[in-house]
Structures are given as structure tokens and as C-alpha cells.
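*Asks:* All I have is the shape, not the residue letters:
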């Protein structure tokens, strides 16, 4: 658990396999002490190693570490590996709020990763925050905002929302132009005879863009 680079940590996770009771006791001890940031981060990257009842609260604790950006990054990435669809409503809201805060205020890497992890937590009421994200001067965040809008609302309604936002001034000209370019690609695929569901999978809007995960010492 003390690995300082991601590849070594991933290799260690694979080698561990399914933790036995002694492994789980050691993991619980590390998380309860919370005094070895490398080990805690490596476990947050792999929340399936944590006791089911401790996963969300451990990820929330990691996301709340204002003075330790790497623990926040590990928790952000770890959210992608939990079953977000079956979370309690309060847990969904808490995780979503913390992730959206990183998108708005975090560093480039943290914001980018948070824009991926939040996808399974989004609801229609998050539309204003997604439009704010679309206004960010970062193509990765813009792309992931479009992916999120399509995922939550579907292609037609997402297009309508973007058009309305452009008309009202809620998004700027560069955001509108970027959006039009991405949807034009999707339109070309549909015009070629592909059904919208298949065209979406083949277009850039079919999946979020990922950002590099730095090592502990980077």
C-alpha cells in the first residue's frame, strides 16, 4: 500500500486478489488511522478493497482533504469504481456536491477527473452547473460537459438546452461554437445512415475524455 507510483500500486492490487480476513483487518487499520497518506490514497483509488459500509464515508473524507490534493484525486478516481446507482440519496448528493466543487474550483487535473467521476451521479436539476462547466476555457471540461448533457437529457434535448443557453447568454460564443462542432460530427454519422444510438457510440460525444493521473511524487 506504500507504492509511490500508480503502476506499482496497480500491480500490487492485482497481486492481492480477493483480500482475506487478515488483509481486510490491515486495510481497516490503515483507513482508521488515516496517518499514511500514500497508503490511504492507494486504497481510495481501489475502494472495492474497503468494507462496503466504509466506502462512501472514506471517499467523502478523501474528497474533503483541502490540504492534500493527492488524497482528493484518489477519492475522485475511486468514485468511478463504486455503484453510484444504488447509493442512498444523501450519499449521492454529498459526493456530487464535492465533485462539482472540484470541477469549479480544483486544479486542471482534479477538475478533469471529477468531470468523469460525477457522470453517474448527475440529474436534470444539475443543468445549470453543466452549462457553467461548458463555459470553462478547457476543451476537456467542455467535452465532458457535453457528454454529461447528452447522457442526462438525450441528444435532442441537450441541443435545445445549448441553443437556449446561447440565446440567453448563459454560455459564451466559444462554448457555442465548440458545441456545434461536436454535434456536427454526430450529425454527419447519422446522415451516413447510422441510428442515433450507434452514431453516438462512434462519435466523440459517446464517452468522456480522461486526464492523466499523476504519481504520488509528481
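*Replies:* On my side now, so go ahead. Since this is a predicted model, take the numbers as computed values, not measurements. Numbering: from 1, shown residues only.
*Asks:* Which strand or helix spans the residue most central in space within the chain?
*Replies:* Centroid-nearest residue in the chain, with CA atoms, centre = their mean: residue 117, separated by 1.7 Å. Residue 117 belongs to helix 108-117 when assigned by DSSP states H and E.
*Asks:* other SSEs contacting that helix?
*Replies:* helix 69-79, helix 89-105, helix 139-153 (3 or more CB pairs under 8 Å, 6 or more residues apart in numbering; DSSP states H and E). Every residue, glycine included, has its C-beta placed from N, CA and C.
*Asks:* Grab the longest helix from the chain for me.
*Replies:* Ranked by residue count and defined by DSSP state H, the top helix of the chain is helix 173-191.
*Asks:* list the helices and strands it packs on?
*Replies:* Looks like helix 173-191 contacts helix 127-134, helix 139-153, helix 155-168, helix 196-202 (3+ CB pairs under 8 Å, 6+ apart).
*Asks:* before we move on, the earlier item: compile the helices and strands packed on helix 108-117 into a markdown table and extend it with columns for mean neighbour count.
*Replies:* Shown next, in a markdown table, are those (neighbours: other CB atoms under 10 Å):
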| stretch | mean neighbour count |
| --- | --- |
| helix 69-79 | 25 |
| helix 89-105 | 17 |
| helix 139-153 | 21 |
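*Asks:* quick one: which of those helices is nearest residue 215?
*Replies:* Closest of the helices and strands packed on helix 108-117 to residue 215 is helix 69-79, at 9.2 Å (criterion: CB to CB).
*Asks:* now the angle between helix 108-117 and the closest one, please.
*Replies:* On the basis of axes from the mean of the first three to the mean of the last three CA atoms, to 10 degrees, helix 69-79 is oriented at 20 degrees to helix 108-117.
*Asks:* ok, back up a step: list the buried residues in the helix holding residue 117.
*Replies:* 109, 110, 111, 112, 113, 114, 115, 116, 117 (16 or more other CB atoms under 10 Å).
*Asks:* Spatially, what comes nearest to the last one if we skip its sequence neighbours?
*Replies:* Distance criterion CB to CB, 6 or more residues apart in numbering; nearest residue to residue 117, sequence neighbours excluded, is residue 79 at 4.2 Å.
*Asks:* what residues are up against the one you found?
*Replies:* 47, 59, 95, 99, 117, 118, 121 (CB atoms under 8 Å, 6 or more residues apart in numbering).
*Asks:* Now tabulate the residues you listed in JSON lines and tack on distance to residue 182 and pLDDT.
*Replies:* Putting the contacts of residue 79 into JSON lines (distance: CB to CB, whole Å; pLDDT from 0 to 100) gives the following:
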{"residue": "47", "distance to residue 182": "32", "pLDDT": "94"}
{"residue": "59", "distance to residue 182": "31", "pLDDT": "98"}
{"residue": "95", "distance to residue 182": "27", "pLDDT": "98"}
{"residue": "99", "distance to residue 182": "22", "pLDDT": "98"}
{"residue": "117", "distance to residue 182": "21", "pLDDT": "97"}
{"residue": "118", "distance to residue 182": "19", "pLDDT": "97"}
{"residue": "121", "distance to residue 182": "22", "pLDDT": "97"}
